[in-house]
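Student: build me a model:
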Amino acid sequence: MSEPRRVPAPARRGRAVRFVAAFSALLGVAAYVTLHDVTGSMGPPRCVIGSGQNRYEFTPEQASNAATVAAVGSARGLPERAVTIALATALQESALRNIEHGDRDSLGLFQQRPSQGWGTPEQILDPVYASTKFYEGLEKVPGYSRLPLTVAAQKVQRSGFPQAYAKHEPDATLLSAALTGRAPAALSCTADATEGRPGDPARVRDELVRAFGARSAPKTRPGAESERAAGAPGSAAGGAPAARVELTVPVRETRVPRAERGWALAQWAVARAEELRIAEVVYGDRRWVADASSGDWEPVRGGAGTRGTDGSSVRLTLAR
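Tutor: Have a look, this model is predicted:
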């Protein structure tokens, strides 16, 4: 009988290394699952509108751009249908990303071309400007709100693939209902307000005015003292908790009901929270908190720092 074949030492070592690597990977997966079960964390920040079959999930970048497109349309007094057409167009042209490339010299959310008179590259890469130019074109289309979405979009865009806009209409409809305020508390987003730079009140004010107009300029007031423990990130010098900064955004009378206007402002703030470092949004008796694992709107339960609003304003609290 022949002797058992000996496995060379390098092979045995290779197997051991592979076993250790596989076991380490398994531990990593188990740790992630445990963290998810305990905290509800879903990893990178995300935004969601709708549920079940009528659900659209997207990134904070896409949410921020969608909110800008919707805000510009609302500020122009355009109907929700116009916003749906604009959002479906941007979904097809750029997937709601402000890209710096495209076919020939196409740029930005709507892939507008400087050579075709849409503006300079710098202007087109400004989402407010690009959205404004799209709506200006749409407003010149007679009866656009009664046309099929593909027809209305094509009359503005002159695309080589006009039927491609159709597949985005369901998602665009969900987005426009939320971001114009017709569907209250419909937008859920997760964001991290504990790390990174503090929120800049001047920048938030500027972005609000650019998107919604001067009537939406917020007022700044120092908020209550931070509830964080002394010495935590965001604390003032000497270990004392830093005062939080609150912006009160007025909800002015417009062509739409005040509640819709208020929710349009509130959900714009949630969609742009990651970029603008907004930690909390309160409108009426609903509250959104950036660090909440679900990213959902919750009822205001009372207590320090959690009071609601009377519907005439939206309250934003910036990250520290």
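Student: which parts of stretch 267-285 are buried?
Tutor: Buried positions in stretch 267-285, judged by neighbour count with 16 or more other Cβ atoms under 10 Å: 267-285. Any C-beta I mention is one placed from the backbone N, CA and C, and that applies to glycine too.
Student: of the residues you listed, which belong to strands?
Tutor: Residues of the buried residues of stretch 267-285 located in strands (DSSP state E): 278-283.
Student: just send these back as CSV, with distance to P162 too.
Tutor: Output for those, formatted as CSV (distance: Cβ to Cβ, whole Å):
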residue, distance to P162
I278, 37
A279, 42
E280, 43
V281, 38
V282, 43
Y283, 38
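Student: mind picking the two most distant members of those?
Tutor: A279 and Y283 (15.0 Å; Cβ to Cβ).
Student: which residues of the chain fall in strands?
Tutor: Using DSSP E, strands in the chain cover 47-51, 54-58, 187-189, 219-225, 243-250, 278-283, 286-289, 298-299, 313-318.
Student: worst mean pLDDT among the ones you listed?
Tutor: Least confidently modelled of the strands of the chain is strand 219-225, at a mean of 63 by mean pLDDT.
Student: I'd say R272 and Q62 touch.
Tutor: No. Using Cβ atoms under 8 Å, R272 is not in contact with Q62, being 11.4 Å away.
Student: the helices in the protein, which residues?
Tutor: Ranges of helices in the chain, per DSSP state H, are 9-39, 60-75, 80-94, 121-124, 127-139, 149-157, 169-179, 201-212, 258-271, 273-276.
Student: and of the ones you listed, who's closest to R301?
Tutor: R301 sits nearest to helix 258-271 of all these, at 17.7 Å, using Cβ to Cβ.
Student: and that closest one, what other elements does it pack with?
Tutor: Secondary-structure packing of helix 258-271 (3 or more Cβ pairs under 8 Å, 6 or more residues apart in numbering; DSSP states H and E): helix 60-75, helix 169-179, strand 187-189, helix 201-212, strand 278-283, strand 286-289, strand 313-318.
Student: return the alpha-carbon coordinates of the first one using CSV.
Tutor: Just to be clear, that refers to helix 60-75. The C-alpha trace of helix 60-75 is given here as CSV (Å, rounded to 0.1, in the frame of the first residue of the first chain):
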residue,chain,number,x,y,z
PRO,A,60,-28.9,62.8,-2.0
GLU,A,61,-27.3,64.4,-5.1
GLN,A,62,-30.2,63.3,-7.2
ALA,A,63,-32.7,64.5,-4.6
SER,A,64,-31.0,67.9,-4.3
ASN,A,65,-31.2,68.4,-8.1
ALA,A,66,-34.8,67.2,-8.2
ALA,A,67,-35.8,69.6,-5.4
THR,A,68,-34.2,72.4,-7.3
VAL,A,69,-36.0,71.6,-10.5
ALA,A,70,-39.3,71.4,-8.7
ALA,A,71,-38.7,74.6,-6.7
VAL,A,72,-37.9,76.7,-9.8
GLY,A,73,-41.1,75.4,-11.4
SER,A,74,-43.2,76.2,-8.3
ALA,A,75,-41.6,79.7,-8.0
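Student: how far out from the middle of the chain is it?
Tutor: From the chain centre to the centre of helix 60-75 is a distance of 8 Å (Cα atoms, centre = their mean, to the nearest Å).
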